[in-house]
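*Asks:* Structure for this input, please:
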Amino acid sequence: MKEHGGASEDYQKTLLHLTAVHAVLVQLERFKSSTGSLSEINAIRGQAQSIQCDVKEFLNKIEKYKSALGATAGTKFHRGVLPKIKWSQHVAQEVKSLETRLEIQLSNIHILLGLHHK
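*Replies:* Presented below is the predicted three-dimensional model:
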């Protein structure tokens, strides 16, 4: 495990990041514009909705770690050792995979937004 913060810090950073991404995606899903074609707007909304489902599903999945790794969790090392190990050994790899997928999908949205505003 990491020297400082370890699994708890990683969990909390992941939670903050995914919560922020989710909020942006909710706004993009409601995207409206007076310029551009309806097909472009629908493509942006559809891509946002697709990503949002993945993010929401993952946030639900990691909710069970909140009591052991969240900001209000105990600070002693022995508290929640098993969830910390599970996070470090398994879930952290899933986070990396999700973040890679999100980067690609968010880049697609960025391109669509760029095309829409030309």
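*Asks:* Please count neighbours and contacts with C-alpha atoms only from this point.
*Replies:* OK.
*Asks:* Tell me the secondary structure of Tyr65, please.
*Replies:* helix (DSSP: H, G, I helix; E, B strand; the rest coil).
*Asks:* which element is the residue nearest to the spatial centre of the chain on?
*Replies:* Centroid check for the chain by Cα atoms, centre = their mean gives Leu18 as the closest residue, at 2.7 Å. Of the helices and strands defined by DSSP states H and E, Leu18 is found in helix 6-29.
*Asks:* Beyond that helix, next helix or strand please.
*Replies:* Counting by DSSP H and E, the element after helix 6-29 in chain order, helix or strand, is helix 38-62.
*Asks:* What confidence value was assigned to the residue lying closest to the residue nearest to the centre of the chain once chain neighbours are set aside?
*Replies:* Among residues not flanking Leu18 along the chain, Val55 sits closest, at 6.6 Å (Cα to Cα, 6 or more residues apart in numbering). Model confidence at Val55, given as pLDDT, is 95.
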